[in-house]
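Engineer: Sharing a model prediction with you, sequence too.
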Amino acid sequence: MSMDEPVSDHLAANVRQLREARGLTQQQISKTAGVPRPTWAHLESGAANPTLQVLVKVAAALQVRVEELIGPPKAVAKHYPAASLPVRHRQDVTIRRLLPESLKGLEIERFELPPGAMFTGVPHTPGTREYLTCEAGELELRVSGTRYALRTGDVVVFRGDQKHGYKNPGRKKAIAYSVVAFAPG
């Protein structure tokens, strides 16, 4: 922490941001924390010099560590340029992850298939569900020998633990989104 940024400024910004992110009023969160509403208002204004006991109550009510209350505020959003997202290629198909951070049990990818391109999906663990949405062009999905023809806006939901493959039978580039919800465990 630099001396240019007082801890009270960090505390005020963090407490306000965390409360607002939870959609609570000062009255609601102060009641949950067991501190008077005027005390909460002082925390958010940067005018408070709270005791450790008050900080512990506030942290518990916001479900964070005390260190998160007094540390530099976290950014409300983070921009990820397209070039920073992982991209891989399978045959002629470009597959780009849409989530810059891993979410346990979830994978979201964007497929770009030139005309005639195809690739084989990898069966996942039993209980996995896949959701395939055709955003543009035409797409053919084969799941355990059954063929599904998708046009713009169509969605197919299938068990991801089966053999499956994707193909663009059209004359234009196809774009699709795949959401894989992995089985728990």
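Structural biologist: Nice, thanks for sending it over. Numbering: from 1, shown residues only.
Engineer: Could you use CA atoms for every contact and neighbour count after this?
Structural biologist: OK.
Engineer: Surely residue 125 forms part of a strand?
Structural biologist: No: Residue 125: not assigned to a strand; according to DSSP: H, G, I helix; E, B strand; the rest coil it is coil.
Engineer: That one is in contact with residue 182, isn't it?
Structural biologist: Yes: at 7.3 Å, residue 125 counts as touching residue 182 under the criterion of C-alpha atoms under 8 Å.
Engineer: Looking at those two, which is more packed in?
Structural biologist: Ranked by neighbour count (other C-alpha atoms under 10 Å), residue 125 and residue 182 place residue 182 first, with 19 against 15.
Engineer: Just the pLDDT at that one, thanks.
Structural biologist: Per-residue confidence at residue 182 stands at 93 (pLDDT).
Engineer: For it, which residues are in contact?
Structural biologist: Counting by C-alpha atoms under 8 Å, 6 or more residues apart in numbering, residue 182 makes contact with 105-106, 124-125, 127-129.
Engineer: Selection in PyMOL covering whichever of those residues are buried, please.
Structural biologist: Entered in PyMOL, the line below selects the buried ones among those, by 16 or more other C-alpha atoms under 10 Å:
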select buried, resi 124+128+129
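Engineer: Now do the strands in this structure.
Structural biologist: All strands of the chain, identified by DSSP state E, fall at 87-90, 93-97, 106-113, 118-121, 129-136, 139-143, 146-150, 155-159, 164-167, 174-181.
Engineer: To residue 45, which of the ones you listed lies closest?
Structural biologist: strand 106-113 (39.0 Å; C-alpha to C-alpha).
Engineer: Output the contacting helices and strands for that closest one.
Structural biologist: If contacts are counted by 3 or more C-alpha pairs under 8 Å, 6 or more residues apart in numbering; DSSP states H and E, strand 106-113 sits against strand 93-97, strand 174-181.
Engineer: Pick the most deeply packed of those.
Structural biologist: Mean neighbour counts were taken over the helices and strands packed on strand 106-113 using mean count of other C-alpha atoms under 10 Å, and the top value, a mean of 21, falls to strand 174-181.
Engineer: Parallel or antiparallel, list what pairs with it.
Structural biologist: Within its sheet, strand 174-181 is paired with strand 106-113 (antiparallel), strand 129-136 (antiparallel), according to DSSP bridges.
Engineer: of those strands, which approaches residue 83 most closely?
Structural biologist: Ranking these by proximity to residue 83 (C-alpha to C-alpha) places strand 106-113 first, at 13.9 Å.
Engineer: now that closest one against strand 139-143, angle please.
Structural biologist: Between strand 106-113 and strand 139-143, the angle comes out at 130 degrees (axes from the mean of the first three to the mean of the last three C-alpha atoms, to 10 degrees).
Engineer: packing partners for the longest helix seen in the chain?
Structural biologist: Criterion DSSP state H: the longest helix present in the chain is helix 7-21. Applying 3+ C-alpha pairs under 8 Å, 6+ apart, one finds that helix 7-21 contacts helix 37-45, helix 66-70.
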